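>>> Need a 3D model of the following:
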Amino acid sequence: MKTLLTGLCALALLAIASPATAAPRDRDRDGLPDVWERQHDLSTKKKSANGDPDRDRVDNRNELRQDTNPRVKDSNRNRTRDGFEDSDGDGLANASEDRFGQDPDDPDTDDDGLVDSREGAGIVRSNSRGRMVIDLLAGGTVEARVSDSATDIGCGTEADAEAIQDRSPGEEADDPTEDELESENVSDTDATTEDGDDGDSLPYDFADVDDGSDEDAGDTADSEYQDDLHDFDEVCESADLRQGVRIREVSVIGGAFDEIESMLAR
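Predicted structure coming up:
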């Protein structure tokens with residue numbers, strides 16, 4: 001009996017000393033394990049999740065999630081750069097999803113039943129006299145009325161969008177830390193493709209856009225745009241939605257924007 005008890009105690013001590021579910025070490029707390037950062041010659045002391053050393057328009061965080069190489073533009077050597085791949089098959093290129101706060105490894109980032117290409121992500125083309133036109137990443141445009149009184153307008157950053165991606169259903173959002181916001185401040189124009197395109201170019205060009213007529217707006221209002229968004233914490237005004245602003249999601253009801261998530265830096 002004494003021998004049996006001694007053996008059980010030894011096993012218990014071994015289990016305590018060697019936890020099977022130990023998390024990989026991440027000294028700079030940027031979400032990238034130290035072993036992966038060392039493997040790809042990234043800093044383990046300075047946050048680099050939003051960096052893009054190979055300039056393929058996919059940041060290090062998403063290179064890790066997609067199991068691609070952050071130092072190689074074309075990780076699978078299929079003659080298509082990582083940013084131009086569509087890993088989740090949702091109709092949006094990885095680089096576009098990364099830049100607009102969607103998850104390039106999940107066709108339905110917010111699990112609302114709509115694939116990301118139908119969430120209304122795009123760039124504001126114009127906003128004048130209470131009507132706004134957005135050039136959609138998936139092609140075409142959406143036009144509707146916008147106002148501070150009728151439209152719930154949230155604004156946030158890539159860090160906010162990534163926090164939503166990582167949040168479980170019903171979990172409250174945490175405000176990003178100063179370090180997270182600081183690590184995010186990488187200018188889009190810092191990256192250039194090997195073809196010489198500037199950082200604002202996108203894998204999608206907006207062909208087949210409409211002329212902004214009322215008839216087109218009516219067709220848009222009948223589309224199945226989401227009406228239950230994960231709001232960003234910061235509230236913006238309609239005047240903030242200037243030409244060129246990135247839009248992550250929209251919902252349209254009765255010819256008016258009901259909710260908008262904009263990628264506006266604080």
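>>> mind listing what residue 76 touches?
residue 68 (C-beta atoms under 8 Å, 6 or more residues apart in numbering). Placement of C-beta: from N, CA and C, glycine included.
>>> Outside of stretch 125-135 itself, list whatever touches it.
With contacts defined as C-beta under 8 Å, 6+ apart, stretch 125-135 is touched by 120, 122-124, 141-147, 206, 209, 212, 217, 238-239, 241-243, 247, 250, 257.
>>> What are the phi and psi values at residue 61?
Dihedral angles of residue 61 (phi, psi; degrees, to the nearest 10) stand at phi -60, psi -50.
>>> Is it correct that it is in contact with residue 31?
Yes: with contact defined as C-beta atoms under 8 Å, residue 61 reaches residue 31; the gap is 6.0 Å.
>>> Neighbour count for the two, which is higher?
Set residue 61 next to residue 31 and count neighbours by other C-beta atoms under 10 Å: residue 61 wins out with 20 against 16.
>>> Now do the more buried one, the pLDDT please.
Confidence at residue 61, expressed as pLDDT, is 87.
>>> which non-adjacent residue is nearest it?
Nearest residue to residue 61 in three dimensions, chain neighbours excluded: residue 49, at 4.1 Å (C-beta to C-beta, 6 or more residues apart in numbering).
>>> about what we covered before: give the residues shared as contacts by residue 61 and residue 31.
residue 49.
>>> element containing residue 160?
Applying DSSP states H and E as the criterion places residue 160 in helix 158-166.
>>> and that helix, what's its mean pLDDT?
pLDDT averaged over helix 158-166 gives 68.
>>> now stretch 239-251
On average, stretch 239-251 scores 93.
>>> thinking again about what came up before, filter the contacts of stretch 125-135 down to just the ones in strands.
Under the assignment DSSP state E, these contribute 122-124, 141-145, 247, 250, 257 to strands.
>>> Neighbour count and distance to residue 71 added to those, as a markdown table?
Below are the ones in strands among the contacts of stretch 125-135 laid out as a markdown table (neighbours: other C-beta atoms under 10 Å; distance: C-beta to C-beta, whole Å):
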| residue | neighbour count | distance to residue 71 |
| --- | --- | --- |
| 122 | 26 | 31 |
| 123 | 19 | 29 |
| 124 | 20 | 34 |
| 141 | 20 | 37 |
| 142 | 24 | 38 |
| 143 | 26 | 42 |
| 144 | 25 | 43 |
| 145 | 18 | 47 |
| 247 | 26 | 31 |
| 250 | 26 | 36 |
| 257 | 27 | 41 |
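>>> where are the low-confidence patches of the stretch 51-200 of the chain?
163-200 (pLDDT under 70).
>>> Can you list the residue ranges for helices in it?
Taking DSSP state H, counting those that start in this stretch, the helices of the stretch 51-200 of the chain run over residues 60-66, 94-99, 158-166, 178-184.
>>> and the second one, what does it pack onto?
Where contact means 3 or more C-beta pairs under 8 Å, 6 or more residues apart in numbering; DSSP states H and E, helix 94-99 is packed against helix 60-66.
>>> And the contacts of the helix it packs on?
Contacts of helix 60-66 (C-beta under 8 Å, 6+ apart): 30-32, 36, 40, 42, 48-53, 58, 69-70, 75, 82, 87, 94, 98, 103-105, 162.
>>> and stretch 256-266, which residues are buried?
Under the neighbour-count criterion of 16 or more other C-beta atoms under 10 Å, stretch 256-266 has 256-264 buried.
>>> swap in stretch 47-56?
Neighbour-count burial for stretch 47-56 [16+ other C-beta under 10 Å]: 47-54, 56.
>>> Looking at these, which is nearest residue 24?
Distance to residue 24 across the buried residues of stretch 47-56 (C-beta to C-beta) is lowest for residue 49, with 14.4 Å.
>>> pretty sure the closest one is in a helix, no?
No: Residue 49 sits outside any helix when classified using DSSP: H, G, I helix; E, B strand; the rest coil, being coil.
>>> OK, contacts around it?
Residues near residue 49 by C-beta under 8 Å, 6+ apart: 30-32, 59-61, 183.
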